[in-house]
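Participant: structure, please.
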Amino acid sequence: MTRVHDAAIVGAGPVGLLVAALLAQGGADVVVLERAQAPSASTRAIGIHPPGLAALDAAGVGDRVRGEAALVRGGEALRDGRMLGALAFDEPVRTLPQHRTEALLVQRLRALDPGALRRGESVRGLRSVADGVELRTDDGIVRARAVVGADGTRSAVRTAAGIGWERRDPDTRWVMGDADDTTGQPETALLHLEREGVVESFPLPGGRRRWVLRVDDDTGPETAAGFAALVRERIGVDLEGLEEPSRFAARQRMARAFARGRIALVGDAAHEISPIGGQGMNLGWLDALALAEAFAAARARGAEGEEPWAGWAEERRAAARRAMRRARFNMAMGAPRAGAALAVRDVAVRALSSAPFRGALSAAFTMRGL
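Facilitator: All right, here's what the predicted structure looks like:
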């Protein structure tokens, strides 16, 4: 007879791995199906916000993250080299390259269940069966009482479940690259709100800093030299030790439902949020933590055969809508401005960083209330 797992997680990114670790830690029999043969070391999310760190703590990896990550204790907004406003965070944001966070989660999962992660195994289809869901993979059939799709924006699980994917906002184009930190502010995020578009930078471990530029279209710089020239043109800073940049589109998308039957969607499979600052990854971790709690409650009441996600799905969809509103505001503030619109933005930034609004803005930047 084919083994029936308590849960099959599709996708071994940071969100899928956290789901798996949380469920395995709670005593569930899990399997993680990942199509890639090896983990990626490409430049991706770095920000770990306080609520996300709490989710990592719940899985037993928070202290390891603290030991490797850089601290971001606050931020400054500038234009033409002049300070518009500053924030200090009650709790720091931490930064750590995504591949290191994933490696720590893999280590934790292997300590809990050495055979749970199966790489090089793509999901080709799925169907509901009497005792759960049957997944067809490259290596045969996997059966589970529940399935969690954590397989990204092009989710095969979402498609197979027949769940629609809605576009919420127009795309914006960005380029990012990592360089030596020569700012003299190793614990401060810097937002240069320039006429041509925002230039953001965030501390990284090892004395490095990530630089992110908004560009008009797909013709942004493809080389380190071109990237450095654009930073120099906009804010007059010369970058040192710059790696080759990568381009990406900031998108806002959301699944029409986060659950259907015994299938749930988390992370980028459920919602694609502007990735600047690791917002999408952290939101996915909060999905994972709430999902694990819902799953544990269903098991505790002996209801593994029921649909465990209904209340969870509505709560997390509401959280994703709040995150999208915040991201929409951030994208608007970083757009190119000129003339009166530029002056209005300067006034707004100064007002938002003043005492009456500072606490709410700090909470939004550190992803409170999601």
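
Participant: next one, pLDDT for Ala21 please.
Facilitator: Looking at Ala21, its pLDDT reads 98.

Participant: of all the residues in the lengthiest helix in the chain, which ones are buried?
Facilitator: Longest helix in the chain by number of residues (criterion: DSSP state H): helix 310-333. By 16 or more other CB atoms under 10 Å, the buried positions in helix 310-333 come out as 312-313, 316-317, 319-320, 323-324, 326-327, 330-331, 333. The C-beta positions use only the backbone N, C-alpha and C, and glycine is treated the same way.

Participant: where do the helices sit along the stretch 101-250 of the chain?
Facilitator: Using DSSP state H, counting those that start in this stretch, the helices of the stretch 101-250 of the chain run over 156-160, 224-235.

Participant: give me whichever of those helices is most buried.
Facilitator: With neighbours taken as mean count of other CB atoms under 10 Å, the helices of the stretch 101-250 of the chain reach their highest mean count in helix 156-160, at a mean of 22.

Participant: output the buried residues of helix 310-333 as TSV; include the columns distance to Gly27 and pLDDT.
Facilitator: Output for the buried residues of helix 310-333, formatted as TSV (distance: CB to CB, whole Å; pLDDT from 0 to 100):
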residue	distance to Gly27	pLDDT
Trp312	19	92
Ala313	23	93
Arg316	23	96
Arg317	28	94
Ala319	27	94
Ala320	29	94
Ala323	31	90
Met324	35	90
Arg326	36	86
Ala327	36	86
Asn330	40	83
Met331	42	83
Met333	45	84
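
Participant: quick check: chain neighbours aside, which residue is closest to the residue most central in space within the chain?
Facilitator: Using CA atoms, centre = their mean, the residue of the chain that lies closest to the mean C-alpha position is Met281, 1.6 Å off. Leaving out its chain neighbours, the residue that sits closest to Met281 by CB to CB, 6 or more residues apart in numbering is Ala45, at 4.3 Å.

Participant: which SS class is that neighbour?
Facilitator: Following DSSP: H, G, I helix; E, B strand; the rest coil, the label given to Ala45 is coil.

Participant: quick revisit: and whichever helix or strand comes after the longest helix of the chain, what does it pack against?
Facilitator: Past helix 310-333, further along toward the C-terminus, the next helix or strand under DSSP states H and E is helix 339-352. If you count contacts as 3 or more CB pairs under 8 Å, 6 or more residues apart in numbering; DSSP states H and E, helix 339-352 packs onto strand 70-79, strand 82-95, strand 188-194, helix 310-333, helix 355-365.

Participant: mind putting those into a markdown table with distance to Ala8?
Facilitator: Formatted as a markdown table, the helices and strands packed on helix 339-352 follow (distance: least, CB to CB, whole Å):
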| stretch | distance to Ala8 |
| --- | --- |
| strand 70-79 | 35 |
| strand 82-95 | 31 |
| strand 188-194 | 38 |
| helix 310-333 | 17 |
| helix 355-365 | 35 |
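
Participant: ok, which of the ones you listed comes nearest Gly132?
Facilitator: Set against Gly132 and scored by CB to CB, the helices and strands packed on helix 339-352 come closest in helix 310-333, at 16.5 Å.

Participant: so the closest one versus helix 355-365, what angle?
Facilitator: Using axes from the mean of the first three to the mean of the last three CA atoms, to 10 degrees, the inter-axis angle of helix 310-333 relative to helix 355-365 is 120 degrees.

Participant: tell me how far the nearest residue to Glu315 once chain neighbours are set aside lies from Leu112.
Facilitator: Closest residue to Glu315 apart from its sequence neighbours, by CB to CB, 6+ apart: Ala290 at 6.6 Å. Computed as CB to CB, to the nearest Å, the Ala290 to Leu112 distance reads 20 Å.

Participant: give me the phi and psi angles of the nearest residue to Asp63 once chain neighbours are set aside.
Facilitator: Spatially, and ignoring its direct neighbours in sequence, Asp63 is nearest to Asp57 (7.8 Å; CB to CB, 6+ apart). Main-chain dihedrals, Asp57, degrees, to the nearest 10: phi -60, psi -40.
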